[in-house]
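# following is a predicted model, sequence given first.
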Amino acid sequence: MQRIGVFICWCGSNIAATVDVERVSEVIRSEPGVVFSANYQYMCSENGQQLVKNAIKEYNLTAVVIGSCSPRMHEATFRKAAEEAGLNPYMVEIANIREHCSWIHKDREEATEKALVLVRTAIAKVNLDAPLQAGESPVTKRALVIGGGIAGIQAALDIAEAGFEVDIVEKNPTIGGRMAQLDKTFPTLDCSACILTPKMVDCAQNEKIDILSYSEVEEVKGFVGNFSVKIRRKARYVDETKCTGCKVCMEKCPSKKGLNEFNMGLNNRTAIYIPFAQAIPNVAVIDPEQCIKLKTGKCGICQKFCGVGAIDYTMKDEFIERKYGAIVVATGFRPLKPDKFNEYGYADNKDVITSLELERLMNAAGPTDGVLLRPSDGTHPKVITFIQCVGSRDTSGCGKPYCSKICCMYTAKHAMLIREKYPDTEVHVFYIDVRTPGKNYDEFYRRAVEQYGVDYIKGMVGKVYNQNGKLMVQGSNLIDNEQVVIPSDLVVLATAIEPEPSVRKVATLLTASIDTNNFLTESHAKLRPVESPTAGVYLAGVCQGPKDIPETVSQASACAAKVIGLLVKDKLKTNPCIAHPDESMCNGCSQCANVCAYGAITYVDKEFRLGGGKTEVRRVASVNPAVCQGCGACTVTCPSGAMDLSGFSSGQIMSEVEAICKM
Amino acid sequence: MTREEQKENLLRMSGTDVRKCMKCGKCSGRCPAYHEMDIKPHQFVSLLAQGKIEKLLSGKAIWSCLSCMACVERCPRGVAPAAVVEAVRDTVVRMQGANGIRAEDIPPIVDELIPQQLLVSAYRKYNK
Ligand SMILES: Cc1cc2nc3c(=O)[nH]c(=O)nc-3n(C[C@H](O)[C@H](O)[C@H](O)COP(=O)(O)OP(=O)(O)OC[C@H]3O[C@@H](n4cnc5c(N)ncnc54)[C@H](O)[C@@H]3O)c2cc1C
Ligand code: SF4
Ligand code: SF4
Ligand code: SF4
Ligand code: SF4
């Protein structure tokens, strides 16, 4: 029988307002095995922890039960306190009487009863707890960054700065991400390329950073400190080590009909191409869908003209396998395609464009060399109407329920830049709310109105239709209680942003969780915002939620700090709550290995004594303690009940169930 | 009926959750009958949410709404302004004691393409 100490936390009023903590302590005191019972305002505080430590020593406690918040919050805190008082940390159990009880109940009587049940359940479990020892595993001192946008670039630079090697895996032929497509950036209106490309060059020149462009992650094995990752290097048909980026191939290539992705399809590119002038690596790539040689076997012109013999039509996808200690996900976003919203006429009118298309039309390296011309007829638009919240804050099913956060600011930016460059242009903005929190942000938006005379109309657009070559924008002006129609030359849709769809695959490979909108979930919304719940996986940039460049960069640097904190360690403590088979019961059926998501289970042939001098060789399961994550899938799968989990044994779970059922 | 009861009644009849409205005005930005309406589509939603029942019941817009459902189609929040218009119209008609629908009148004029609500609301209008 254990000598158990029970400590009930008030959590200020979080628990105490709904649960009669005094009564719980009192009733629990007479439970078998309980030799000490107390309650305290904040168990997690210095004083609260001291209470535990003192009681362990004074009453010779062999086990501790804390009735408090979720073990996800403070299990580690109390285990550490117990350890400091000389108790094995795995002899501590948490009864979650906050999230599972006080927060979800209103009736004090009922909540108190339930708290008692939960504490008794923890006592039942702690009675069967046995001391466990954490093992150790080594740390591979190299990081992987998935996605080479500004988030990935910043994280990689910061990690490399601390002296660790980093690989950036980027699915596109160049790093840079969306920021490379932007013209000027709010709130200071500096040129996007001017601030981004030096960082891209830094990445290329940093000997600690290896850029694996045109590559994707295919397989991830292992765990924090010890990931093993298979990377697909897509066939580029151009030898990266030879190509000098001279662009002769682009001049000569006869296939010129590929949509230029970098310019949002507003113009075309050749089959062999370098996405943009400052691409990193500055190496051509052949689009197999457009290349005549790859499709029909004829042509081969680029190979003839390439002075360094870089072109190789026989290239195949290659796979490489590397080991990493930590992984940063920075897969970014894409703008929502607004063609589902037929009220805005995007699919039918060339002059209804998205904001990202406008960035390209305003950019000196864009399809119009930075002159703002209508896509339909190449004339200067005189009246431009912006529509905000297109597809954002939309719960009707067509769009996204969230606010995309960046569009209010970039629309103000666009409106202002247009009024600055073309003062004879009339600019209208339909908005529901203008959301500009942030340093110098509201001032920025007000400048658009007060200094640049942009006409902001409170109301949404119900319909855009073409009448004699004019785009008639019909919407509400709620302030004047009018329905207005603005004949416009160009309509710009501030479309919602959504996570890059391939993030789903990445999340699955990493067993990282994702929310209903495909944004990666952080470990704790407030206190662990850059960590994924999966140990060793960190999140940077828009893949975690909508954000602008300053926020993205801050988050990326925060990620890097976390990664560095992990990589400086030589060894990590492993979780001792792992699976182990009872070899006398195991019949080697292989079912456990089939369900293990971490590949921790293998089978070995072992000799067993049968008595009477006879022996028998049987195949039995064997768990690799460094790989097992203690998820318990194998224990519930094993048909012979041979597999069990330390710290969560079947016996313990059953005793908990019994304790609950007794009530 | 108290005002609160009337509000409950209208909410129930409309079957729409007016609290979901984010006051964007898209419904009124789309409505083809906008200029004929003294109470605009978004105001139907807003007035009901605030419980301003007298104002709703005294308006003339219920007779101008075409029941075209454009507002319902366009609302980004899944609110149905036309359903509120219909609920108000229904209430007004009932208060006049002139609930003109007779079940046996319906089948001969039903055509599969007619939206149910258009039929019902048109019927009310012509029976007023
Ligand atoms: C029209 C518009 C205007 C904007 N203007 C401004 C502005 O003025 N100021 C400002 O602060 N912000 C602005 N922003 C926001 C800014 O673009 C983002 O904050 C920023 O680009 C986010 O960077 P990121 O690295 O998180 O994502 P991204 O830029 O999307 O980069 C992600 C990278 O990951 C790669 N990737 C994706 N999936 C995978 C995969 N599975 N494997 C490998 N690689 C992958 C992508 O190819 C990409 O290179 C604007 C956005 C838009 C749409
Ligand atoms: S071989 Fe392909 S990429 Fe090269 S020039 Fe011909 S079409 Fe262009
Ligand atoms: S940032 Fe502004 S435009 Fe974008 S969704 Fe939010 S409120 Fe709408
Ligand atoms: S249903 Fe009525 S209120 Fe709604 S858009 Fe049509 S006419 Fe306007
Ligand atoms: S469209 Fe919907 S959310 Fe917008 S004002 Fe009308 S009812 Fe409200």
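Perfect, I can see it now. Ligands and ions are numbered 1, 2, ... in the order given.
# where does the chain have low pLDDT?
Just so you know, I chose chain A. Under the criterion pLDDT under 70, the flagged ranges of chain A are A:663.
# other chain: chain B
Chain B contains residues with pLDDT under 70 at B:98-107, B:109-111, B:113-128.
# the residue lying closest to residue A:41 once chain neighbours are set aside - how many residues pack around it?
The shortest distance from residue A:41 to any residue other than its chain neighbours is 4.9 Å, reached at residue A:10 (C-beta to C-beta, 6 or more residues apart in numbering or on different chains). (C-beta placed from N, C-alpha, C; glycine too.) Residue A:10 is flanked by 20 other residues according to other C-beta atoms under 10 Å in any protein chain shown.
# show me which residues of chain A are close to chain B?
For chain A, the residues in contact with chain B under the definition C-beta under 8 Å from any C-beta of the partner chain are A:343, A:389, A:393-399, A:432, A:458-463, A:474-478, A:481, A:483.
# of the residues you listed, grab the buried ones for ChimeraX.
Selecting just the buried residues from those in ChimeraX takes one command, with 16 or more other C-beta atoms under 10 Å in any protein chain shown as the test:
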select /A:343,389,393,394,395,399,432,458,459,460,461,462,463,474,475,476,477,478,483
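# so which of the residues of chain A next to chain B are in helices?
Secondary structure defined by DSSP state H assigns none of the residues of chain A next to chain B to helices.
# and the residue sitting furthest away from the middle of chain B, how close does it get to ligand 1?
Most distant residue from the mean C-alpha position of chain B: residue B:108, 24.7 Å away (C-alpha atoms, centre = their mean). The gap separating residue B:108 from ligand 1 is 56 Å, by C-beta to the nearest ligand atom, to the nearest Å.
# what helix or strand does that residue sit in?
Assigned by DSSP states H and E, residue B:108 belongs to helix B:106-109.
# please apply the same query to residue A:119.
Element membership of residue A:119, judged by DSSP H and E, is helix A:108-127.
# so which bits of that helix are buried?
For helix A:108-127, the neighbour count (16+ other C-beta under 10 Å) marks A:111-127 as buried.
# swap in stretch A:401-414?
Residues of stretch A:401-414 classed as buried by neighbour count (16+ other C-beta under 10 Å): A:402-414.
# what's in contact with it?
By C-beta atoms under 8 Å, 6 or more residues apart in numbering or on different chains, the surrounding residues in contact with stretch A:401-414 are A:184-187, A:189, A:355, A:358, A:362, A:386, A:388-389, A:392-395, A:429, A:431, A:433-436, A:438, A:441, A:444-445, A:447-448, A:454, A:492, A:494-497, A:517, A:546-548.
# quick check, residue A:472 in a strand?
Yes - if the criterion is DSSP: H, G, I helix; E, B strand; the rest coil, then residue A:472 is within a strand.
# ok, the closest residue to residue A:345 other than its chain neighbours to residue A:111 distance?
Excluding the flanking residues, the one nearest residue A:345 by C-beta to C-beta, 6+ apart is residue A:464, at 4.4 Å. As defined by C-beta to C-beta, to the nearest Å, residue A:464 lies at a distance of 55 Å from residue A:111.
# distance of the one residue sitting closest to the centre of chain A relative to residue A:328?
With distances taken as C-alpha atoms, centre = their mean, the residue of chain A nearest its centroid is residue A:520 (3.3 Å). Taken as C-beta to C-beta, the spacing of residue A:520 relative to residue A:328 amounts to 11 Å.
# give me the common contacts of the two.
If you check residue A:520 and residue A:328 against C-beta under 8 Å, 6+ apart, the residues they both contact are residue A:539.
# if you skip the residues just before and after it, what's nearest to the residue in chain B that chain A sits nearest to?
Proximity of chain B to chain A (C-beta to the nearest C-beta) peaks at residue B:30, 2.6 Å away. Here the nearest residue to residue B:30 in space, its sequence neighbours aside, is residue A:462; by C-beta to C-beta, 6+ apart that works out to 2.6 Å.
# check contacts around that neighbour.
Residues A:343, A:474-476, B:26-31, B:70, B:74 are the ones in contact with residue A:462 under the rule C-beta under 8 Å, 6+ apart.
# same check on residue A:457?
Per C-beta under 8 Å, 6+ apart, neighbours of residue A:457: A:428-431, A:475, A:477, A:479, A:484.
# distance from stretch A:86-99 to the middle of the chain?
Chain-centre distance of stretch A:86-99: 30 Å, with C-alpha atoms, centre = their mean, to the nearest Å.
# would you work out how far apart the start and end of that stretch are?
Counting by C-alpha to C-alpha, to the nearest Å, the length from the leading to the trailing residue of stretch A:86-99 is 30 Å.
# how much space separates residue A:159 from ligand 2?
36 Å.
# what about that residue, neighbour count?
Under the neighbour criterion other C-beta under 10 Å, residue A:159 is assigned a count of 28.
# CSV for the contacts of residue A:462, including distance to ligand 1?
Written out in CSV, the entries for the contacts of residue A:462 read as follows (distance: C-beta to the nearest ligand atom, whole Å):
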residue, distance to ligand 1
A:343, 21
A:474, 24
A:475, 21
A:476, 25
B:26, 22
B:27, 27
B:28, 28
B:29, 23
B:30, 26
B:31, 31
B:70, 29
B:74, 24
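# give me the subset of those touching ligand 5.
Residues of those in contact with ligand 5 (C-beta under 6 Å from any ligand atom): B:26-27.
# wait, does the helix or strand harbouring residue A:416 contact ligand 1?
Using DSSP H and E, residue A:416 sits within helix A:407-421. Yes - legend: contact between helix A:407-421 and ligand 1 by C-beta under 6 Å from any ligand atom is shown at A:410, A:413.
# is that helix up against ligand 3 anywhere?
Yes - judged by C-beta under 6 Å from any ligand atom, helix A:407-421 and ligand 3 are in contact via A:407-408.
# please export the C-alpha coordinates of that helix as CSV.
What follows is helix A:407-421, C-alpha atoms only, in CSV (Å, rounded to 0.1, in the frame of the first residue of the first chain):
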residue,chain,number,x,y,z
CYS,A,407,-6.0,42.6,-46.7
CYS,A,408,-7.2,45.8,-44.9
MET,A,409,-3.6,46.9,-44.8
TYR,A,410,-2.6,45.9,-48.3
THR,A,411,-5.7,47.5,-49.7
ALA,A,412,-4.9,50.8,-48.1
LYS,A,413,-1.4,50.3,-49.5
HIS,A,414,-2.7,49.7,-53.0
ALA,A,415,-5.1,52.6,-52.9
MET,A,416,-2.4,54.9,-51.7
LEU,A,417,0.2,53.8,-54.2
ILE,A,418,-2.2,54.2,-57.0
ARG,A,419,-3.3,57.7,-55.9
GLU,A,420,0.4,58.6,-55.5
LYS,A,421,1.5,57.3,-58.9
